[in-house]
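J.: sequence unavailable; structure follows:
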């Protein structure tokens, strides 16, 4: 959830900051080309972040989330210079792939190892709130994000 508020805050700061920079340029009547490009880039990125986060604002504040349940596989991938591990819950029957905040400590990963998952997400399924991973056959709780 902190991810959501961080992205929203960065979007607001970038969009408001670019508007402030534009007002100061108009007020000073100084329009350097490179500064205009930087300001427009800042504005476009800020608005893009707001477009990505604002549709879920009402449901996040009201804590009205979607619950995804069913067979899933859990895939991990290392990337970047610092070898960060990204974890994805692939909900098999729902055709959804949701990026996880953390890596669950499970005995095995990949398509050959199915689990039963309960994942709480925002309405547009962009932000994971929490998850529970159960054994596929016994329904024994193996891992939770709490």
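T.: Great, that's in hand. Note that the structure is a prediction, hence the values are computed from the model and not measured.
J.: okay, now residue 46: neighbour count?
T.: 20 (other Cβ atoms under 10 Å). (C-beta placed from N, C-alpha, C; glycine too.)
J.: again but with residue 31, I slipped
T.: For residue 31, using other Cβ under 10 Å, the count is 10.
J.: relative to residue 38, how far out is it?
T.: 12 Å (Cβ to Cβ, to the nearest Å).
J.: what residues does stretch 34-41 touch?
T.: Residues outside stretch 34-41 that contact it (Cβ atoms under 8 Å, 6 or more residues apart in numbering): 18, 21, 22, 25.
J.: looking at these, state which has the most neighbours.
T.: Result: residue 18 is most packed of the contacts of stretch 34-41 (other Cβ under 10 Å), 20 neighbours.
J.: contact partners for it?
T.: 39, 40, 42, 43, 46.
J.: ok, the fourth one touching residue 19?
T.: Yes: counting by Cβ atoms under 8 Å, residue 19 is a contact partner of residue 43 at 7.2 Å.
J.: look at those two and report which has more neighbours.
T.: residue 43 (18 against 14).
J.: check the secondary structure at the more buried one for me.
T.: helix (DSSP: H, G, I helix; E, B strand; the rest coil).
J.: could you measure from the spatially most distant residue from the centre of the chain over to residue 23?
T.: Going by Cα atoms, centre = their mean, the residue of the chain most distant from its centre is residue 29, 40.0 Å out. According to Cβ to Cβ, residue 29 and residue 23 sit 12 Å apart.
J.: now do the longest helix seen in the chain: distance to the chain's middle.
T.: Identified as the longest helix of the chain according to DSSP state H is helix 2-28. Remark: helix 2-28 is offset 20 Å from the chain centroid, using Cα atoms, centre = their mean, to the nearest Å.
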